[in-house]
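K.L.:
I'll drop the sequence and a predicted model, then ask my questions.
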Amino acid sequence: MKPDYGLDFPARVRDLAIRACLFLAAGAGLWISNGANPVAWISLVIGLGFGVMVLVYFNSSRTGKLQMRDRLLDSITWKGDEKVLDVGCGRGLLLIGAAKRLQTGRATGVDIWRKEELSDNSPEAVRDLATAEGVLPKIKIETADAQKLAFPDASFDVVVSSSVVHLVPDRTRALSEMVRVLKPGGQLRIFDLSDCSHDLQDLSLTGITVSPPSWLWCHPSRTVSAIKKV
C-alpha cells in the first residue's frame, strides 16, 4: 500500500463535494418533476463539474503529488551526505522522500501544522510515516514559521518546499529565509501555485529555472529550481 500523505485542502474538498451533491440533487429533482428542461441540465452539469474537481483533488493528493515529489527530488544532484531542510513539511512528503536519498545526511522538516491545509497534519503523523518508510533516524521535526527560521546562516545543502509559499503572509520574507539558511552552492527547489522565480532573482541565486505547469488541485503549479551563488 502507498503511504498516506494526507488529503490536501480537506475543507475545500468537503465544500466542493457538498456543492456537487446539492446541484446534482436539484438537477435530478427538476428532471423528475419537469422533464429534461434547461435548468435541470444546467444544474446537473454544474454538479458534475464540482464532482470532477473533487476527483481531481483526491487524485492529486493520493497519486499526483507523489509523482511531483519524485520529479522534484530527482532533479537534485545527491551525494548522500547532505543536510536538507523541508519548509512546510506537512506529513513529510518531501522530507521522507529526501531522507530516502541520504546515507550519512539528515533531513529536517518544519511546519506550523495547519490542519485546514492538510488532513491530520501533525508531527506525530510525520513520525509514523517516517517509521513506516524506515527513515525515522534520518529526520528531525520542528515547529517553525517559514518567515522566521531558527537556523544559522548557510546551514543546509538543500532546501525544498511544496505548496507553502502561496500560503505565507509575507512570501518575500519566507523566500529570503530559505535562501539565508542555504549554503553557497546549495540547491533550492520550490513547488507552488505561485511562480516565485521573480522574487528569487534578487536573492543571490543563479541558474533559476521554472518547470512547465502541472494541474494538481485544479490549479497550475510549477517547480522553481535555483542554486545559491558561491
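P.N.:
Done, it's in.

K.L.:
what ranges does this structure have for its strands?
P.N.:
Taking DSSP state E, the strands of the chain run over residues 83-87, 106-111, 139-143, 156-162, 182-192, 205-210, 222-228.

K.L.:
which elements pack onto the third one?
P.N.:
By that I understand strand 139-143. Contacts defined by 3 or more CB pairs under 8 Å, 6 or more residues apart in numbering; DSSP states H and E place strand 139-143 against helix 93-99, strand 106-111, helix 123-133. Where you see a C-beta, it was placed from the backbone N, CA and C, and this is true even at glycine.

K.L.:
6 Å instead, please
P.N.:
strand 106-111, helix 123-133 (3 or more CB pairs under 6 Å, 6 or more residues apart in numbering; DSSP states H and E).

K.L.:
what sits against residue 191?
P.N.:
Going by CB atoms under 6 Å, 6 or more residues apart in numbering, residue 191 touches 72, 162, 223.

K.L.:
could you redo the last one with a cut-off of 8 Å?
P.N.:
68, 72, 161, 162, 163, 221, 222, 223, 224 (CB atoms under 8 Å, 6 or more residues apart in numbering).

K.L.:
just the pLDDT for residue 64.
P.N.:
The score at residue 64 is 94. That number is its pLDDT.

K.L.:
skipping adjacent residues, who's closest to it in space?
P.N.:
Spatial nearest neighbour of residue 64, excluding adjacent residues (CB to CB, 6 or more residues apart in numbering): residue 216 at 4.8 Å.
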